[in-house]
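S.K.: please work out how this folds:
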Amino acid sequence: MLAKLVLVLLIIIVGSFIWFFVKGKVSNAHAQVRDRAVEGNFGRAIAAGPATKHLSMMGRTLTLGTDPTRAGELIVHIATSDDRVTDVTSEEGAIVIQIDGSYPLARAQLMADRTVVGIDAMTWEMGFPQGAAVWDRIATAISQAATHQGIPVGEGSREFVKDEGTSGRPEVWTVRMT
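M.R.: Numbers count the residues shown, from 1 in each chain. From the prediction side, this is the model:
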């Protein structure tokens with residue numbers, strides 16, 4: 001009985017040493033492949049397609065052809081119903097929507113004949129603009145609700161540039177001013 005117990009403990013100890021070295025070899029090989037991919041821009045090439053898609057989602061703007069009061073009520077109602085929207089505030093002639101605490105930051109410009117809503121600033125982390133799916137979901141809901149209410153809806157797009165005035169991580173990107 002004691003011999004069998006010693007044999008099992010010996011197998012466990014030897015197995016642990018073997019596992020440690022095999023795992024280290026696999027981890028080192030994985031790290032080398034990852035480093036080669038980044039050096040060869042392979043990783044950037046793989047991320048480029050999805051990042052471009054997310055960036056175009058973030059650039060999506062809506063123009064609602066109605067008075068500012070009606071458009072503002074619609075936008076506030078849709079935005080506050082989304083769980084990822086953390087704050088909706090009114091400013092002079094605008095409604096500001098914060099997603100996930102600070103960014104992305106959407107702004108609805110309330111004008112006399114129309115309202116334009118889109119992302120003003122966003123963060124770029126892990127190779128992607130953050131919050132694109134949330135913004136796309138909110139913009140789609142606004143568009144559908146406006147269409148359902150008979151409000152004309154037009155779509156447009158914005159371009160973004162890295163804001164060099166901010167430092168640190170995450171990177172902040174803002175609308176390109178032309």
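S.K.: low-confidence stretches in this protein?
M.R.: When residues are selected by pLDDT under 70, those of the chain lie in 17-51, 126-128, 165-169, 178.
S.K.: what's the longest strand in this protein?
M.R.: Among the elements of the chain assigned as strand by DSSP state E, the one spanning the most residues is strand 115-125.
S.K.: buried ones in the helix or strand hosting Val134?
M.R.: Val134 belongs to helix 132-148 when elements are defined using DSSP states H and E. Neighbour counts using 16 or more other CB atoms under 10 Å place Ala132, Val134, Trp135, Asp136, Ile138, Ala139, Ala141, Ile142, Ser143, Ala145, Ala146 of helix 132-148 among the buried residues. Heads up, the C-betas are built off the backbone N, CA and C, glycines and all.
S.K.: re the thing from before, any idea how far the longest strand of the chain is from the middle of the chain?
M.R.: How far strand 115-125 lies from its chain's middle: 11 Å, per CA atoms, centre = their mean, to the nearest Å.
S.K.: that strand vs helix 132-148, what angle?
M.R.: 170 degrees (axes from the mean of the first three to the mean of the last three CA atoms, to 10 degrees).
S.K.: mind listing residues that contact strand 115-125?
M.R.: For strand 115-125, the surrounding residues in contact (CB atoms under 8 Å, 6 or more residues apart in numbering) are 58-64, 66, 68, 71-72, 75, 95, 103-109, 129-131, 135, 139, 142, 156, 158, 160, 162-163, 169-175.
S.K.: again, only this time at 6 Å
M.R.: Outside of strand 115-125, the residues within contact range by CB atoms under 6 Å, 6 or more residues apart in numbering are 58, 61-64, 71, 103-109, 129-130, 135, 158, 170-175.
S.K.: show me which of those are buried.
M.R.: With neighbours counted using 16+ other CB under 10 Å, the contacts of strand 115-125 contain these buried positions: 58, 61-64, 71, 103-109, 129-130, 135, 158, 172-175.
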